[in-house]
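Student: Take a look and give me a structure for this.
(3 chains, ligands or ions: 8)
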Amino acid sequence: MNHQQPDLDTSPEVSDEIRKTTCYMCACRCGIDVHMKDGKVKYIEGNRDHPINKGVLCAKGSAGIMQHYSPARLQNPLKRVGERGAGKFEAISWDEAFEIAEKCLKPIREKAPHKLAFFTGRDQSQSLTSFWAQQFGTPNYAAHGGFCSVNMAAAGIYTMGGSFWEFGVPDWDRTKMFMIFGVAEDHDSNPIKMGLSKLKERGAKIVGVNPVRSGYNAIAGEWVGITPGTDGLFVLAMIHVLLKAGKVDLEYLMRYTNAPMLVNVDADSDEHGLLLRDVHGQFMVQDRITGKPVAFDKKGVKPVFTGTITYKGTKYTPVFELMTKKYLSDEYTPEAVAERCGISAKTIRRLAAELAHVAFEQEITIDQPWTDWKGEKHETMTGRPVSFHAMRGISAHSNGFQTCRAIHLLQILLGSVEVPGGMRFKPPYPKPVGIHPTPHSYATPGGPLNGPHLGFPTGPEDLALNASGTPIRIDKAFTWENPLSAHGMMHMVISNAHAGDPYKIDTLFMYMANMSWNSSMNSRGVMDMLTDKNEDGTYVIPNIIYSDAYSSEMVAFADLILPDTTYLERHDCISLLDRPISEADAICDSIRWPVVEPDRDVRGFQTVLIQLGAKLGLPGFVNEDGSEKYQDYADYIVNHERRPGVGPLAGFRGKDGTGKGRGEPNPEQINKYIENGGFWKDHIPDEALFYKPWNMAYQNWAVERGIFDKPSPYLFSIYVEPIQKFRLAAQGKGELQPPDHLREQLIMAMDPLPIWWAPFEEQGVDCDEYPLHALTQRPAAMYHSWGSQNAWLRQIHGTNPLFVSGEVWSKHRFKEGDWAYLTSHHGKIKVPVVRMDALNPHTVWTWNAIGKRKGAWALDKNAPEATKGFLLNHLIHELLPSKGDGLRWSNSDPITGQAAWYDLRVKIEKAPAEDGVSQPETPAQTSPVGQGPKDIAYGEEF
Amino acid sequence: MTALPPTTAKKLGLVIDLDICVGCHACVINCKEWNTSNYGAPLSDQDAYGANPSGTFLNRIHTYEVKQDAKPAQIVHFPKSCLHCEDAPCVTVCPTGASYKRVEDGIVLVNESDCIGCGLCAWACPYGARELDAKEGVMKKCTLCVDRIYNENLPEIDREPACVRTCPANARHFGDFADPDSAVSRMSAERGGMRLMPEQGTKPVNRYLPPRPKADIQTSGDIDILAPFLEPVADTPKGLLGWLDKALEAL
Amino acid sequence: MHPAASVIIFTSLSGLGFGLLAFLGLGLPNVSGWSAFAFFFIAFALSVGGLLASTFHLGNPQRALKAFSQWRTSWLSREGVVAVAALLVMGLYAALSIFLDIRITALGWLGSALSITTVYCTAMIYGQLKTVPRWNMGVTPILFLLYALAGGALLATQLRLALLLLVALTITQILTWIRGDISFATAGHSIETATGLGHLGKVRLLESPHSGENYLTREMVHIVGRKHALKLRIIATFCLGLIPIAMLAFFNLDHISALLVVILHIIGLFVARWLFFAEAEHVVGLYYDAR
Ligand SMILES: Nc1nc2c(c(=O)[nH]1)N[C@H]1C(S)=C(S)[C@@H](COP(=O)(O)OP(=O)(O)OC[C@H]3O[C@@H](n4cnc5c(=O)[nH]c(N)nc54)[C@H](O)[C@@H]3O)O[C@H]1N2
Ligand SMILES: Nc1nc2c(c(=O)[nH]1)N[C@H]1C(S)=C(S)[C@@H](COP(=O)(O)OP(=O)(O)OC[C@H]3O[C@@H](n4cnc5c(=O)[nH]c(N)nc54)[C@H](O)[C@@H]3O)O[C@H]1N2
Ligand code: SF4
Ligand code: SF4
Ligand code: SF4
Ligand code: SF4
Ligand code: SF4
Ligand SMILES: [Mo]
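Tutor: Ligands and ions are numbered 1, 2, ... in the order given. Next up is the predicted model:
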């Protein structure tokens, strides 16, 4: 016929050069190939060799170009000239910025270091920022974990020396049944998707436990549309059924857990509930043959799991029996929990049966001999191929710690942690509680703090309390209100500082957290606190220093802005001292390096912090002669040593660059990383791949790699003794005593075996009045607030409707395009609604952090994000509704202080559309960077 | 001329697996990123930071809810780019010859220097696979990454479409449907690969693999087969502990 | 479909223009000199103006010439080619008859045929689109031709003929609407066939790929309220058909009232043409669950 076609060049030049670095469009930290053309970033794709993403790249990662060239980038240091919150600034030089910061911080350090509160967001340099704060000497430092996922971290560490999240992964290649609880995206964003895909390819079963059936839950082979806050009950009911059927891995429990340890069951004893130890402090079990308590690790000992014995006049019962009795009680039958959980008893039983079936009938074995820490040799590695993963749907509830513990308990009972097909840790995890630091908070004016701020308390003696019992820390972390607040409580800082409770501070120094907006509860209230003035006209929080890279909502509230670079313009290290990027099979770390130079007067925050440290003369940042020790962050990354031979980067250490994990600083280290694609990866030896906590080969390898200084094998804690210590204190035992008003809560919550209680907000409001649960989910294509400045991503999520279940939709006679008022005990907002049937009927939800304040992010004041988008945070309060006892109870987990975002209860009613604008409307802030250009066509220049 | 070639040597296209697509939009943005600085004019954005942003994309993800009476609803994420139809109506309507189907591999392309931006091809496409770029006034569509799949400046392993390479869930596969033995042909045959809107007679090359059945919707009570796994070993806690002792003895 | 002013003007005016040319080519009315000039002027103004309006719809009008190349496959290309041929032939015919008073009947007939064919091609641009079932009906070209002929007859002051054609047009238009209302369903398109998910249950869009608009939603997903549409159909029926028919049938028209009939008819034509686009549903709307 008449076919004709033009000649086409199918081999056009792609780029002049590829620079390999690490993505930072989110905290997953994938490796990227940045294609450069004429000195500009042309195209970004995933690095195929990289351990995290193996070549793939998510939407945010691909949109990195638009973020890097965002019009919202701050251009120079800024000094506030208008009122706080208005966004009026004057550009200043870096010299002036340093001068202001120094003038502010120097006297604080000399007189009262605790008057500085230094809190950082989701950065990846916590090992530097915490070191800095420690050298400064303030007890008031933490990162964002307290409002994010401390329930997961703490429950994991206390139970099994490692958690889900970034520290553990399902054995994607072998698992046959996978349950995922309360996850929309998570930090392992790309790896989870890659993993799910592998499971599908192998025909493994995926069960999504989530009130909302979107994202991962949409593709799961089975969806369990649980009612929010009830996962603990659901899991304990499965445990009930499995125990009853004897479907638990007794050998695993005997070898690797404290199931046989003897618990003091004498209610009058001062050590009631604590574990029996011998004179060397070793745990004791009852020997099956002699019937006598012996050290658990004595050769050849076969422990008893049941019964009660008397030893030196005190009665003891093994953990296993206590546990079994607890969970066999009728309150945990599937029938008893079904209605509450919104899951039929039949489904609960079937899922338990499926777990038992896969775990015990589809056992897998790898022909790989290994030796355990007692020296016992094993010919094979055997695994029960069920695995779990969970995140903030569990974490962000006031019962999240214990719920997460319940999930871990189920995994352990099935013998599926650190075995082939189960859940595996990524080095440097697993690490028992014992080798983590305990919290430190002792400050001396002019000197450093007595140790690292954050850690894992092992008893009341580790709390951060003054002799008088008042909190030492401004966020009240590590107090009786939330003893195991291992990540601090960033979400309480502003309200405590504003209230002067426990004391007033002078300077709030924050980095990379949008605290006046999407990372705080009660956003309106927080804005008021930040702008509130004393009678003399000064601000209640006197100074606010903030580092951001973009014109965010928080910028408007700071007095001094230290503008950061974008991720393509700076050095960074993703260090094993911080949050790992390792795989279960390998230890890995990575860097970022300036693939392009900044075209503005901005500096990497870490460099600024190091330079500020030197100006303040902080130990660790100056040489003996007082000169600055490190020129910039790159210098620090290479030359800083935390322990001799161990520094921020583990790869290419030593003068010749062959050191792995240990070795003296290597001046060529960063270049080596760049040559190697931006990362370093070292495989775990085959015999060390599983059973890590108990595997001698792993333990020795970990010591070689600088993870531990000596082998540190340990047992999983079904029964968490440190928790019992707090309960014991609440029962009036021991020297350190909680205030009376907290005794009841401590006795209830500090149960050394996982339990469940109704979320606190639910207990505090009238559930007939507020019948619905309200949640947020992370959209895959947006990262919190910072994606909205991205011209490509904001076209996908420029607004966020409230998704309403079919039942609620019909009941309120909603129609397409309708608006609703959503009311909580704290506030009322107006939002657009959309029907969704694949949703737990008692739940409404929306995408997180799409709503924007007018004038922020270099967007038009009428941007849909500001007019139709909304924040659920306006409805969430940092305090619970008043109980009428005159006390203020915080809206958080009573054990860890984790912010209970997802406990929110609401009611809904139809609202007039009127102008079609969401409420509340926050007055606009002035943009220090103007508004972005009208039309763009990226790529024109190539 | 815009006549369709009577046959094409290869039929290159995509398999899109609806069973595993998590709706992450990774392919959407990587496609935009690749194509905005490669084949033809950039994919522009209008009012990019304004009140009514919109721009040109070659690939988009819809999210559907599917429900049967009295059963839980399910969600299906649905990626959509050009299906490189065998009987592509978008080609034959084109008045300028700008739209054409390649005889060697069946890729449907727009020769932008010939395109007058009349929009008729977009009207003729049933699938919404063509978008007129508001800045350049030319028609944009999925090129099947014709400038990647044969590109000798790329390592061999990367000679696949950007969206396929980037998809974290491996929900997109690229290959030749003219070859019955190709991975895509086999995958499509095994999993019942579907063509969209067959009643339009366009004969799309791209296939969609339907979602696999969901356990919570197909509620056939497999509890019965598994019930033995939950047979209580004893009726009382005491009895259970007794069982346990015996079981431990056996270890 | 988005009722863009440019395409409404293009199809309406060029239809009228070529309709008038078709009559002029047949020597109806039989005029010469200045009055011939006036008739031809109106005809060319309408047809050329309409064609020019269509270029406003183009992203790159400077390349419009390329649109003549694909007459073998593309109705749009054919329309261009035939329109130009019609204009050239009728231009020659007009010039000869106005300035030299020469009338070559065969040339006129050829011009008429070409003019009618042009209208047919215009209609087929829409009528061929399977993606728009309301257009993809055999009646579409008949309707367009009736519009052109009825309007042309009015303009050509062939009032008897006009009366008949208007009756035919009005009936056809009403039938087209009625038939059009079920065309989508008859064609068998549904969100289930569009997504292939029908075997799993009832399908509904939960989230659009983009929270704002895009080219597709602006161009092809246009929804007119049913009540609104009915009102406009009634207005159109009266303006383009019923009132002119009544006036032609029952009154002896003077210049003024004839002009009134023409104006009414054109208003009706515009309203109907607006509806032609606005009511047309493109199957892509299925993906947006917007119908
Ligand atoms: N794309 C993208 N990725 C991100 C982020 C981002 O903003 N965007 N943020 C990063 C950060 S900081 C974090 S902390 C992680 C968080 O990662 P996720 O844990 O995935 O975060 P959420 O979006 O809070 O998802 C919580 C999920 O829990 C469900 N849920 C809520 N309550 C319950 C409940 O009671 N039970 C169960 N079973 N489910 C429940 C919700 O429906 C939701 O699906 O993601 C990280 N990754
Ligand atoms: N309703 C509700 N609220 C929530 C949650 C929820 O699930 N629901 N999740 C909570 C959780 S888990 C988290 S982690 C928080 C997250 O909330 P935020 O920590 O506030 O997260 P972002 O919005 O990412 O804001 C971080 C700030 O860092 C800035 N930034 C980005 N890149 C850089 C950089 O390179 N350098 C510097 N210096 N700054 C940069 C951004 O511009 C932004 O102002 O939100 C919490 N809030
Ligand atoms: S998940 Fe996406 S945004 Fe996050 S690091 Fe990886 S590619 Fe970048
Ligand atoms: S990248 Fe893959 S999983 Fe994500 S939306 Fe595209 S096809 Fe679906
Ligand atoms: S999908 Fe649309 S644009 Fe692509 S070939 Fe088919 S008809 Fe043409
Ligand atoms: S828009 Fe361009 S490619 Fe499409 S039909 Fe018109 S000329 Fe052809
Ligand atoms: S094949 Fe290429 S052009 Fe087509 S959708 Fe995929 S990335 Fe976009
Ligand atoms: Mo977080």
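
Student: does A:K692 really touch A:F425, like I thought?
Tutor: Yes - counting by CB atoms under 8 Å, A:K692 sits close enough to A:F425 to count as a contact (5.8 Å). Where C-beta positions appear, they are placed from N, C-alpha and C, glycine not excepted.

Student: What parts of chain B come near ligand 7?
Tutor: B:31, B:34-35, B:58-59, B:81, B:142-145, B:161-163 (CB under 6 Å from any ligand atom).

Student: Reformat those into TSV and put pLDDT and distance to chain C next to each item.
Tutor: Supplementary listing: the residues of chain B next to ligand 7 in TSV, determined by pLDDT from 0 to 100; distance: CB to the nearest CB, whole Å:
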residue	pLDDT	distance to chain C
B:C31	98	12
B:W34	98	18
B:N35	98	15
B:L58	98	11
B:N59	98	9
B:S81	98	11
B:C142	98	14
B:T143	98	17
B:L144	98	19
B:C145	98	20
B:P161	98	18
B:A162	98	17
B:C163	98	14
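
Student: about what we covered before: find residues that contact each of A:K692 and A:F425.
Tutor: Shared contacts of A:K692 and A:F425 (CB atoms under 8 Å, 6 or more residues apart in numbering or on different chains): A:E418.

Student: A:D682 looks like it's in a helix, true?
Tutor: No - secondary structure of A:D682 (DSSP: H, G, I helix; E, B strand; the rest coil): strand, not part of a helix.

Student: residue contacts, A:G626?
Tutor: A:G617.

Student: Can you classify A:A117 by secondary structure?
Tutor: Relying on three-state DSSP, one would call A:A117 strand.

Student: Does it touch A:I474 like I think?
Tutor: Yes - contact criterion CB under 8 Å: A:A117 and A:I474 qualify, at 5.1 Å.

Student: of these two, who's got more company?
Tutor: A:I474 (30 against 27; other CB atoms under 10 Å in any protein chain shown).

Student: Is the more buried one in a helix, a strand, or coil?
Tutor: At A:I474 the chain is in coil, as set by three-state DSSP.

Student: residues contacting it?
Tutor: Residues in contact with A:I474 (CB under 8 Å, 6+ apart) are A:114, A:117, A:140, A:493, A:496-497, A:502-503, A:505.

Student: one more time with 6 Å
Tutor: A:I474 makes contacts with A:117, A:140, A:493, A:496-497, A:505, as judged by CB atoms under 6 Å, 6 or more residues apart in numbering or on different chains.

Student: quick one: which of the residues you listed is nearest A:P722?
Tutor: Nearest to A:P722 out of those is A:N140 (CB to CB; 24.1 Å).

Student: For the residue lying closest to that closest one once chain neighbours are set aside, which residues are in contact?
Tutor: Excluding the flanking residues, the one nearest A:N140 by CB to CB, 6 or more residues apart in numbering or on different chains is A:A117, at 4.1 Å. Counting by CB under 6 Å, 6+ apart, A:A117 touches A:140, A:474, A:493, A:505, A:508.

Student: gap between A:A117 and A:K504?
Tutor: Relative to A:K504, A:A117 is positioned 11 Å away (CB to CB, to the nearest Å).

Student: Could you check how far the residue lying closest to C:R63 once chain neighbours are set aside is from ligand 2?
Tutor: In space, C:R63 comes closest to B:I116 once its chain neighbours are excluded; the distance is 4.8 Å by CB to CB, 6+ apart. For B:I116, the distance to ligand 2 equals 43 Å [CB to the nearest ligand atom, to the nearest Å].

Student: quick one, phi psi at the closest residue to ligand 3 within the stretch 1-150 of chain B?
Tutor: For the stretch 1-150 of chain B, the residue closest to ligand 3 is B:A26, as judged by CB to the nearest ligand atom, at 7.8 Å. Backbone geometry at B:A26, expressed as degrees, to the nearest 10, gives phi -60, psi -40.

Student: Per-residue pLDDT of it, please?
Tutor: pLDDT for B:A26: 98.

Student: same thing with C:W34?
Tutor: Reading off the confidence values, C:W34 has pLDDT 89.

Student: B:D222 too?
Tutor: In this prediction B:D222 is given a pLDDT of 57.

Student: do the same with C:V224
Tutor: 80.

Student: Please apply the same query to the one 3 residues further on.
Tutor: Predicted confidence (pLDDT) for C:K227: 81.

Student: give me the element it is part of.
Tutor: Per DSSP states H and E, C:K227 falls inside helix C:226-236.

Student: Ramachandran angles for A:C341?
Tutor: Main-chain torsions, A:C341, degrees, to the nearest 10: phi -80, psi -20.

Student: Around the closest residue to chain B within the stretch 451-600 of chain A, how many other residues sit close by?
Tutor: Of all residues in the stretch 451-600 of chain A, the one sitting closest to chain B is A:S551 (11.3 Å; CB to the nearest CB). By other CB under 10 Å, the residues close to A:S551 number 31.

Student: Tell me how far it lies from ligand 7.
Tutor: Remark: distance between A:S551 and ligand 7 (CB to the nearest ligand atom) = 32 Å.

Student: Would you check that that residue makes contact with A:A72?
Tutor: Yes - using CB atoms under 6 Å, A:S551 makes contact with A:A72 at a distance of 4.5 Å.

Student: quick one: common contacting residues for those two?
Tutor: A:858, A:929.

Student: What is the subsequent helix or strand relative to the helix or strand of chain B with the lowest mean pLDDT?
Tutor: Least confident element among the helices and strands of chain B, by mean pLDDT, DSSP states H and E: helix B:223-226 (a mean of 70). Toward the C-terminus, helix B:223-226 is succeeded by helix B:237-250 as the next helix or strand (DSSP H and E).

Student: Counting neighbours, which bits of that following helix end up buried?
Tutor: Buried residues in helix B:237-250, counted by 16 or more other CB atoms under 10 Å in any protein chain shown: B:237, B:240-241, B:244, B:248.

Student: How about stretch A:17-26?
Tutor: When burial is assessed from 16+ other CB under 10 Å, stretch A:17-26 yields the following buried residues: A:18-26.

Student: And for stretch A:902-913?
Tutor: Within stretch A:902-913, the residues that count as buried by 16+ other CB under 10 Å are A:902-908, A:911.

Student: which of the residues you listed come close to ligand 6?
Tutor: Of the buried residues of stretch A:902-913, not one also sits near ligand 6 (CB under 6 Å from any ligand atom).

Student: Just name the closest of those to A:V386, please.
Tutor: Checking the buried residues of stretch A:902-913 against A:V386 with CB to CB, the nearest one is A:Y902 at 25.6 Å.

Student: Test my guess that that closest one contacts A:T776.
Tutor: No - counting by CB under 6 Å, A:Y902 does not reach A:T776; the two are 7.9 Å apart.

Student: Could you work out the end-to-end span of stretch A:902-919 for me?
Tutor: 21 Å (CA to CA, to the nearest Å).

Student: quick one: which of the buried residues of helix B:237-250 is nearest ligand 5?
Tutor: Of the buried residues of helix B:237-250, the one sitting nearest to ligand 5 (CB to the nearest ligand atom) turns out to be B:L240, at 62.9 Å.

Student: Any idea how far apart the tips of stretch B:193-213 sit?
Tutor: Stretch B:193-213 has an end-to-end distance of 15 Å (CA to CA).

Student: Next, see if it gets close to ligand 5.
Tutor: Yes - Stretch B:193-213 comes into contact with ligand 5 (CB under 6 Å from any ligand atom), by way of B:T202.

Student: Check the burial of the closest residue to chain B within the stretch 51-200 of chain C by counting its neighbours.
Tutor: Chain B sits closest to C:G59 of the stretch 51-200 of chain C, with a gap of 2.0 Å, by CB to the nearest CB. By other CB under 10 Å, 18 other residues sit near C:G59.

Student: now swap in A:T129 and tell me
Tutor: 22.

Student: burial count for the closest residue to A:M836 other than its chain neighbours?
Tutor: For A:M836, ignoring the flanking residues on the chain, the nearest one in space by CB to CB, 6+ apart is A:F803 at 4.2 Å. By the criterion of other CB under 10 Å, A:F803 has 25 neighbours.
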